[in-house]
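> A predicted structure for the sequence below; I have some questions about it.
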There are 2 protein chains.
Amino acid sequence: MDNKICESDFNRNEKALLLENQLCFPLYSASRKIIRLYTPILDKLNLTYTQYITMLALWEKDGIGVKDLGSRLYLDSGTLTPLLKKLESQGLLNRIRDVSDERNVNVFLTDKGMKLKQQALNVPAMISSCIDMQINDAIELQRLLKIILND
Amino acid sequence: MDNKICESDFNRNEKALLLENQLCFPLYSASRKIIRLYTPILDKLNLTYTQYITMLALWEKDGIGVKDLGSRLYLDSGTLTPLLKKLESQGLLNRIRDVSDERNVNVFLTDKGMKLKQQALNVPAMISSCIDMQINDAIELQRLLKIILND
DNA sequence: TAAAATTAAATCGTATACGATTTAATAGTA
DNA sequence: TACTATTAAATCGTATACGATTTAATTTTA
């Protein structure tokens, strides 16, 4: 066995640099493309996409700490703190420091925040109708993405 | 046929709001997770991920206009102009206004920019080794993402 | 050909992302 | 119990994204 890097290794490496052969690039581009689909729809709710997934998490589980919210959304306090302050200024939630452990800030939906869920109910269907993909493919895509996320 | 929205519609809509059932959220999260894998590797080349894919595009096709580059990367001039100025300030490329049509700015790699490709050759393999996914799954994932991108 | 429409970059404002550091509070331990 | 370590948010700096507008150049068209 020859340990030297041979010409075919070089060609393989060259080919791996083509945008066409990247995995992350289509992942990143497709993600942004779909988020752009959300923008005009979420505008009506006065939410950005990141604000929207934050509300999704809170509609599922209210009164959660910033850390927990960050784990669910894969976001850190550097991103969440200003975002939550924004949502608070819009009257959708309250940030309340935990009396039993002052390090924690818990996030509670206001009535307005809870009611916004009704307006969001048809968002997923509106998005689905914009994406031309078979159900089977969508399920498979979800499965593959979760492999990456759970890795 | 009853045209009223029935309870099962409501339940379906409710369920579609769960983070667990979203398609865009894992897409967005997985994309960011993989870009985070790139960060320490690209640090050695002094590139961010967006700068890296810009260099990938230019290593494939040099002397391209900002508009064309944007089409390939799905980015607009609002993102590319400052990014290209940054790469220019690092001596990796030159931005030269087209004499035959002064509206266009063409981007040309410098020698330093071309040589950086050699250091980038092993990046894809380093990334692959960080992602625990079967080849078949990766190919399938790529196929599904391209459905979204070409839609 | 002169005015109108189109096009390409650049610019601007807003909103993320995220690593790194700071601040404050709590937990662990010698 | 003091001292240290850990933890959670907040803060800071840098770098995107992207819609909207502006500027300048070119094309189209009345």
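Okay, I see it.

> Residues contacting the lowest-mean-pLDDT helix or strand in chain A, please?
None of the helices or strands of chain A scores lower by mean pLDDT, DSSP states H and E than helix A:7-16, at a mean of 78. Defining contact as CB atoms under 8 Å, 6 or more residues apart in numbering or on different chains, one finds that helix A:7-16 is touched by A:N21, B:L121, B:N122, B:P124, B:A125. For every residue, glycine as well, the C-beta is placed using N, CA and C.

> one more time with 6 Å
With contact meaning CB atoms under 6 Å, 6 or more residues apart in numbering or on different chains, helix A:7-16 is reached by B:L121, B:P124.

> What are the buried residues along the longest helix belonging to chain A?
Secondary structure assigned by DSSP state H gives helix A:24-43 as the longest helix of chain A. Judged by neighbour count (16 or more other CB atoms under 10 Å in any protein chain shown), helix A:24-43 contains these buried residues: A:24-31, A:33-35, A:37-38, A:41-42.

> Spatially, which two of those are the most separated?
The distance between the two most remote of the buried residues of helix A:24-43 (CB to CB) is 26.6 Å, for A:C24 and A:I41.

> Tell me the residue of chain A that sits nearest DNA strand C?
Across chain A, no residue is closer to DNA strand C than A:G78, which sits at 2.8 Å (CB to the nearest atom of the strand).

> Let me know the helix or strand that that residue is in.
Assigned by DSSP states H and E, A:G78 falls within helix A:77-89.

> distance between that helix and the chain's centre?
15 Å (CA atoms, centre = their mean, to the nearest Å).

> Can you pull the residues of chain A lying near DNA strand C?
Contact residues, chain A versus DNA strand C (CB under 7 Å from any atom of the strand): A:48-51, A:74-79, A:82-83, A:86, A:100-103.

> which element is A:L145 on?
helix A:135-150.

> residues of that helix that come out buried?
If you call a residue buried by 16+ other CB under 10 Å, then helix A:135-150 has these buried ones: A:A138, A:E140, A:L141, A:Q142, A:L144, A:L145, A:I147, A:I148.

> Check which residues of the least confident helix or strand of chain A are buried.
A:N13, A:A16.

> And the longest helix of chain A, what does it pack against?
Packing contacts for helix A:24-43, counted by 3 or more CB pairs under 6 Å, 6 or more residues apart in numbering or on different chains; DSSP states H and E, involve helix A:49-60, helix A:123-128, helix B:24-43, helix B:135-150.

> For DNA strand D, which of the ones you listed is the nearest?
Of all those, helix B:24-43 comes closest under CB to the nearest atom of the strand, at 7.1 Å.

> can you state the direction angle for the closest one and helix A:24-43?
Angle of helix B:24-43 versus helix A:24-43, following axes from the mean of the first three to the mean of the last three CA atoms, to 10 degrees, is 140 degrees.

> now helix B:24-43 and helix B:135-150, what's the angle there?
Interaxial angle of helix B:24-43 relative to helix B:135-150 (the same axes, to 10 degrees): 110 degrees.

> pLDDT averaged over helix B:24-43, what's the number?
Mean pLDDT, helix B:24-43: 98.

> Chain A against chain B: which residues are in contact?
Contact residues (CB under 6 Å from any CB of the partner chain) of chain A with chain B: A:13, A:16-17, A:19, A:23-31, A:34, A:53, A:56, A:74, A:121, A:124, A:132-133, A:137-138, A:141-142, A:144-145, A:147-149, A:151.

> just checking, A:I41 touches A:S128?
No: judged on CB atoms under 6 Å, A:I41 makes no contact with A:S128 at a distance of 11.4 Å.

> which residues does A:V99 contact?
By CB under 6 Å, 6+ apart, the contact list for A:V99 is empty.

> Distance of it relative to A:F108?
Distance, A:V99 to A:F108, using CB to CB, to the nearest Å: 13 Å.

> quick revisit: list the contacts for the residue of chain A closest to DNA strand C?
By CB under 6 Å, 6+ apart, no residues touch A:G78.

> Can you check what pLDDT the model gives it?
What the model reports as pLDDT for A:G78 is 98.

> Name the nearest residue to A:L45, sequence neighbours excluded.
Nearest residue to A:L45, sequence neighbours excluded (CB to CB, 6 or more residues apart in numbering or on different chains): A:Q119, at 5.6 Å.

> swap that for A:L87, please
Per CB to CB, 6+ apart, closest to A:L87 is A:L93, 5.2 Å.

> before we move on, what about A:N46?
Once flanking residues are discounted, A:N46 sits nearest to A:Q90: 6.9 Å by CB to CB, 6+ apart.

> and if you look at A:P124?
Distance criterion CB to CB, 6+ apart; nearest residue to A:P124, sequence neighbours excluded, is B:A16 at 3.6 Å.

> and what of A:Y52?
In this structure, A:Y52 finds its nearest non-sequential neighbour in A:L42, 5.3 Å apart by CB to CB, 6+ apart.
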